[in-house]
Every structure is written in structure tokens, then in C-alpha cells.
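Engineer: what's the 3D shape of this:
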Amino acid sequence: MAPVRELTVGQVAARSGVAVSALHFYEARGLIRSHRTSGNQRRYSRDVLRRVAIIRVAQEVGISLAGIAQAFQSLPEERTPTRADWNLLSTAWRDELDHKIAQMKKLRDGLTDCIGCGCMSIDKCPLRNKEDRLAREGTGARRLVVS
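Structural biologist: So this is what the prediction gives:
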């Protein structure tokens, strides 16, 4: 019996542990590709299994889908990513992850003074508004990056 060269969306979902809806989402975002049969059914090449595995691992460590998509641009189409490909991707993500880890450590270390305040001291809080630096930017929600 010849090996299966193409997989249905259900087969990819079953083998990768990812929901069919997630596969459709990844495809809509350009992370994976399929083609349609004459009956308009999706078919995936086998390399999609490795790509989905990479997506799952990258998401688990905090890499955004946009970051994954950007990294996938360096991979050749229609070929299963290799160990060398993974080394390139993971090396590129290492600096981003190191930065996030440092940020999380600063946030963790700043929580000691925060416990019990109930975030009522927004003007003094080192996590939410260090030195009230947002006051000059006006009102409204802001996302802080701890530096």
C-alpha cells in the first residue's frame, strides 16, 4: 500500500491534536496551506503536520501568530521543516523570549509591594504607572511595557 501523500482536514486534526477550526484559522492567517479537490474539500500535504507542531510549540512559549508567520517566511514551501530549519527559527525567537522572561521577572519582583493595594494607588504603582509617566499622555487605557 502506497503512503498517503495528502491528508484531509480531519486527518491533520487527528494526527496533530489541533481542532479543525484551529487549522482553518491557521490557514486563514497564512501559517499553513491547503488546496481544494474538485469536490471543494481541503487537502494538506504531509509537511503541514510539522508546521502545526512548530506553531503549537511556539505558541506555548509565547510567540505570537504574527511572529510565527514572519518566521515561516524563511521556510521553503511544500517541504517538511527540518531540524536545521527549527534551529534557525528557535534561534531567532531566543532574544524575544529572553526579553519576555526578563520582563516577567521584573513584574514578579514588583508584586511584593503590590499585594493588598487593590490597585487603588495607580499614581504610585511601579507595575501599572511607574512614576506616573502616563499622566502627560492624557486619559485612556494604555499597555505598559516594563523596562
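
Engineer: drop to CA atoms for contacts and neighbour counts, all remaining ones
Structural biologist: Will do.

Engineer: and the longest helix anywhere in the chain, which residues are buried?
Structural biologist: Counting residues, the longest helix found in the chain (DSSP state H) is helix 83-110. By neighbour count with 16 or more other C-alpha atoms under 10 Å, helix 83-110 contains the buried residues D85, L89, W93, K100, L107.

Engineer: Please report how far I101 lies from V57.
Structural biologist: For I101, the distance to V57 equals 17 Å [C-alpha to C-alpha, to the nearest Å].

Engineer: meant to ask about Q73
Structural biologist: Taking C-alpha to C-alpha, one finds Q73 at 17 Å from V57.

Engineer: Kindly report the same for T37.
Structural biologist: 30 Å.

Engineer: of those two, who's got more company?
Structural biologist: V57 (12 against 9; other C-alpha atoms under 10 Å).

Engineer: Mean confidence (pLDDT) on stretch 36-50, please.
Structural biologist: For stretch 36-50, mean pLDDT rounds to 92.

Engineer: quick check: domain ranges of this protein?
Structural biologist: As recorded under the TED database, the domains making up the chain are 1-81, 95-146.

Engineer: which one of the ones you listed has the most crowded surroundings?
Structural biologist: Highest mean neighbour count among these (mean count of other C-alpha atoms under 10 Å): domain 1-81, with a mean of 15.
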